[in-house]
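J.: Next come a sequence and a model predicted from it.
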Amino acid sequence: MSTRNRGRNRGGKSAFGLLIGISVAAFVVVVGVIALSLVTGSRGSSSEAAAAYSQLEQFIDTEQFNGAPGFSIGDPEAPVVLVDYSDFSCPACANLAPSIEELILEEDGYVQSGLVRIVYKPVWFVNPPRSEPAARAGYCAAQQGMFWQYHEEVWNLFAASGANAYNEQILTNRADRVEGLNLQQFESCLTSPAAQQAVQSVVDEATSIGVNATPTVYVNGERLQLTQPLTASLESAIEAALQEVGR
């Protein structure tokens, strides 16, 4: 083979390698764009959800079970109360969250029509070093009447980065996205003994009533066996509870 032909072969291999490199790079860019669009899409929906949450009454409920704080949204006089023991590090809880949010955000639905209110109780069974700060952060947002707006931000963080991203600084950064939330008060609360005691009391309460897995949901005090599809399972339990109270 002539030197000239060998040179052509080497050139062909280089071109082939370059083509593969360009293809791989293009694939990475496309994946990155898709991922970015998913994250930014979540942020957009968070903004819409936050606006809806702000129109509903939020308060800290200490009347369910043993009196540990839960973060309520909806009419305080609603005939049906759904209590959700969830862990911000729990994938199954992340799967349930959209169904809970759907109940809240549906226009003229159960929550917006005053038939149901929802109480979130944050436990930290799955990954305590990460879940416990997230639970405290939720408590601190609830102190300002903005738990549900913040709840949306935490689940978006979980979807984007997983629970290992949870630490006090990142959780504070997420709080800074919640419109109207006083960040200085949030930061002061986050490291306070009151926040630590509050989230510990939720775990103690959950353990005392036999909650050993998440999510665990109660509707008017009755433990619900969740089935797929989750939204239908919740709605079925709510309808049964409404019938029991004559609504």
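T.: All right, it came through fine. Note that this is a predicted model, so its numbers are computed, not measured. Residues are numbered from 1 along each chain as shown.
J.: what about the strands in this structure?
T.: Applying DSSP state E to the chain gives strands spanning 58-61, 70-73, 80-86, 116-122, 216-219, 222-224.
J.: Let me know the average pLDDT across stretch 228-247.
T.: Stretch 228-247 carries an average pLDDT of 96.
J.: Near the closest residue to Glu179 other than its chain neighbours, how many other residues are there?
T.: The spatially closest residue to Glu179, leaving aside those adjacent along the chain, is Ala50, at 6.6 Å (CB to CB, 6 or more residues apart in numbering). Backbone N, C-alpha and C define where each C-beta goes, glycine included. Ala50 sits with 19 neighbouring residues when counted by other CB atoms under 10 Å.
J.: The protein - how does it break down into domains?
T.: 1-43, 54-244 (automatic domain parsing).
J.: Mean pLDDT lowest where, among those domains?
T.: Across those, domain 1-43 has the smallest mean pLDDT, namely a mean of 38.
J.: sorry, back to before: against Ser99, how distant is the residue nearest to Glu179?
T.: Separation of Ala50 from Ser99 (CB to CB, to the nearest Å) stands at 19 Å.
J.: Determine which residue lies closest to the centroid of the protein.
T.: Nearest to the mean C-alpha position of the chain, by CA atoms, centre = their mean, lies Trp155 at 2.9 Å.
J.: Can you tell me the closest non-neighbouring residue to it?
T.: Distances taken as CB to CB, 6+ apart place Ala97 nearest to Trp155, at 5.1 Å, with adjacent residues excluded.
J.: got it, and Ile60?
T.: Excluding its sequence neighbours, the residue lying closest to Ile60 (CB to CB, 6+ apart) is Pro69, at 5.0 Å.
J.: What residues does Gly109 make contact with?
T.: Applying CB atoms under 8 Å, 6 or more residues apart in numbering to Gly109 gives the contacts 102-103.
J.: same check, this time on Val123
T.: Here Val123 is in contact with 85-87, 131, 135, 202-203, 206, 211, 214 (CB under 8 Å, 6+ apart).
J.: how about JSON lines for those, with distance to Ala240 added?
T.: Listed next are the contacts of Val123 as JSON lines, based on distance: CB to CB, whole Å:
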{"residue": "Tyr85", "distance to Ala240": "20"}
{"residue": "Ser86", "distance to Ala240": "22"}
{"residue": "Asp87", "distance to Ala240": "26"}
{"residue": "Ser131", "distance to Ala240": "31"}
{"residue": "Ala135", "distance to Ala240": "30"}
{"residue": "Val202", "distance to Ala240": "26"}
{"residue": "Val203", "distance to Ala240": "29"}
{"residue": "Ala206", "distance to Ala240": "24"}
{"residue": "Val211", "distance to Ala240": "21"}
{"residue": "Thr214", "distance to Ala240": "23"}
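J.: The residue nearest to the centre of the chain against Asn95, yeah?
T.: No: between Trp155 and Asn95 there is no contact under CB atoms under 8 Å: 10.4 Å.
J.: about what we covered before: neighbours around the residue nearest to Trp155, how many?
T.: Under the neighbour criterion other CB under 10 Å, Ala97 is assigned a count of 23.
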